[in-house]
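Novice: pasting the sequence and the predicted model now:
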Amino acid sequence: MTTSDLHTISTSDPGLGTNARIEEIRAAFPILQERVHGHQLVYLDNASTTQKPFAVINRIREYYEHENSNVHRGVHSLSQIATEEYESARSTLKEFVGARTTSEIVFTRGTTEAINLVASSFAKPELGEGDEILLTRMEHHSNIVPWQMACEETGATLRVIPIDDDGTLIYEEFERLLSERTRILALTHVSNTLGTVNPVKRMIRDAHGLNIPVLIDGAQAVPHMPVDVIDLDCDFYCFSGHKMFGPTGIGVLYGKEALLDAMRPYQGGGDMIESVSFERTTYNELPHKFEAGTPNIVGALGLAAAVEYLREIGFDLIREHERNLLVYARERLSQIEGIRFIGDSAHRAAVVSVLLGSTHPYDVGTILDRMGIAVRTGHHCTQPLMRHYGIPGTVRASFAFYNTLEEIDSLVEALQRASSVLS
Ligand code: 7TS
């Protein structure tokens, strides 16, 4: 596909990715109209967090204006409305990932808390000396440190699946590392730094062949592709609301019902109990057993609004448009002298990590910011991955469906400017 083909798709295809449709979508995200240092904002830091459409902002406002109350505890009308809306949000999330029942959808603070919950309540009680937890080299710190903490307390060890220089998992190494000592395989669906999409379905099948449970960190997958937990057959799937156009402070742990049922609670407090006495406490049914204390009610409602919004746009358009953005970015960026791509796996999501000659990513990011362009610079909470490449960090542009080819042109121009200023 050539650059002009891409512009053609963007401007004249009446179905997918038309400029008019993308402009319409952009108008639904008020922050995209902001100016930064006198320039129109170009927001290319979507892997950190995505922007929010009016549908989400208005839902939050509506809740506080008309429905605010605590859930699961009042007979009064507002409390009943809040409870119904909160549980209805859970149903929306259940449909979103294709879970069997709402018992399998636990609201958490985000991906990080979901992984900590599984490490603490599922893995830790089973772990001992000689046991292994299998991860990959491209994990975010939040899918490394909770497992490391579990290992410290139990004597288990971490094993790490290596990657090649393109940022693709070495499948034979995965097969070699999978053994009867492996207690859990925990890996990311999509790498936040490289964009690599891992062959999780095949890996889950292989792990299950040895009865090894699998947790998938889906934080960077759910904004870009449809996910079906039954089709994947994963045991746990975690994601964050704020990376899929919803609010911060809310996320989801999907877990197979039988596994969640057998697990001990993660935190104690209100709402997670059936009855309490000083002698003995019994726990509430799923999923409430894992939701101690007043939950992030408005977060769940905002996240459900984000899911509805995504459904309206449709993953066909999202995938098509983001693929165009990725191909175009790769092609335009490769024209910059001295650019180095970090991660070039054949199967990728809309993330590009680069280095410019010998410049430091932080300096490049600062110059881009002065031109209104938001990218992330640094190690992206993947320090072991940076060590693999022998670099301190990268300049990362991560796209969402509201980004445009013109914004990529601005990025390329700004990188060229940064390159000449810094060299
Ligand atoms: N897993 C992956 C793959 C991530 O990319 C992130 C956040 C997390 C887990 C943690 O998510 P949280 O919502 O619980 O914080 N990634 C990034 C990033 O790439 N830039 O900032 C945060």
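Specialist: Arrived safely. Numbering: from 1, shown residues only.
Novice: please, where are all the strands along the stretch 251-400 of the chain?
Specialist: Along the stretch 251-400 of the chain, the segments classed as strands by DSSP state E, counting those that start in this stretch run 251-255, 273-276, 281-283, 339-341, 351-356, 373-374, 376-378, 394-398.
Novice: what pairs with the second one, parallel or antiparallel?
Specialist: Here strand 273-276 is paired, per DSSP bridges, with strand 281-283 (antiparallel).
Novice: residue 165: which of the strands of the stretch 251-400 of the chain is closest?
Specialist: For residue 165, the closest of those is strand 339-341, at 10.4 Å, according to CB to CB. C-betas here are computed from N, CA, C, even on glycine.
Novice: near the ligand, which residues of this protein are found?
Specialist: 47-48, 110-112, 140, 142-143, 188, 192, 217, 219-220, 240, 376, 380-381 (CB under 6 Å from any ligand atom).
Novice: if we can go back for a sec, nearest to residue 386, out of the strands of the stretch 251-400 of the chain?
Specialist: Distance to residue 386, taken as CB to CB, is lowest for strand 394-398 among the strands of the stretch 251-400 of the chain, at 7.9 Å.
Novice: the next helix or strand after the closest one to strand 351-356, inter-axis angle?
Specialist: Using DSSP states H and E, the helix or strand that directly follows strand 394-398 along the chain is helix 405-422. Orientation note: helix 405-422 sits at an angle of 20 degrees relative to strand 351-356 (axes from the mean of the first three to the mean of the last three CA atoms, to 10 degrees).
Novice: can you tell me how far the residue of the chain most remote from its centre sits from residue 266?
Specialist: In the chain, residue 279 marks the outermost C-alpha relative to the chain mean, sitting 41.5 Å out by CA atoms, centre = their mean. To residue 266, residue 279 is 23 Å away according to CB to CB, to the nearest Å.
Novice: what do you get for residue 91?
Specialist: From residue 91 over to residue 266 the distance is 23 Å, taken as CB to CB.
Novice: between the two, which is the more surrounded one?
Specialist: Relative neighbour count places residue 266 above the other of residue 91 and residue 266, with 22 against 14, counting by other CB atoms under 10 Å.
Novice: could you find the closest non-adjacent residue to the more buried one?
Specialist: Nearest residue to residue 266, sequence neighbours excluded (CB to CB, 6 or more residues apart in numbering): residue 117, at 4.5 Å.
Novice: also residue 21?
Specialist: residue 317 (7.1 Å).
Novice: hang on, the earlier thing: ok, of the residues of the chain next to the ligand, which come out buried?
Specialist: In terms of neighbour count (16 or more other CB atoms under 10 Å), the buried residues within the residues of the chain next to the ligand are 47, 110-112, 140, 142-143, 188, 192, 217, 219-220, 240, 376, 380-381.
Novice: just to revisit the earlier point, so which residues make contact with the helix or strand hosting the residue nearest to residue 266?
Specialist: Taking DSSP H and E as the definition, one finds residue 117 inside helix 111-117. Contact partners of helix 111-117, identified using CB atoms under 8 Å, 6 or more residues apart in numbering, comprise 106, 108, 142-143, 146, 186, 215, 217-219, 236, 238-240, 251-253, 266, 290.
Novice: tell me the mean pLDDT for it?
Specialist: Averaging pLDDT along helix 111-117 gives 98.
Novice: next one: stretch 178-197
Specialist: pLDDT averaged over stretch 178-197 gives 98.
Novice: list the buried ones in that stretch?
Specialist: Buried, per 16+ other CB under 10 Å, within stretch 178-197: 178, 181-197.
Novice: which of those residues fall in strands?
Specialist: 182, 183, 184, 185, 186, 187, 188 (DSSP state E).
Novice: in CSV: these, plus distance to residue 228.
Specialist: Putting these into CSV (distance: CB to CB, whole Å) gives the following:
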residue, distance to residue 228
182, 25
183, 26
184, 21
185, 19
186, 20
187, 18
188, 18
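Novice: of these, which pair is most distant in space?
Specialist: Greatest spacing in these, by CB to CB: 183 and 188 (18.6 Å).
Novice: okay, buried residues for stretch 245-252 please.
Specialist: 245, 246, 247, 248, 249, 250, 251, 252.
Novice: swap in stretch 24-33?
Specialist: 25, 26, 28, 29, 32.
Novice: could you do stretch 126-135 as well?
Specialist: Buried residues in stretch 126-135, counted by 16+ other CB under 10 Å: 127, 131, 132, 133, 134, 135.
Novice: thank you kindly, that will do.
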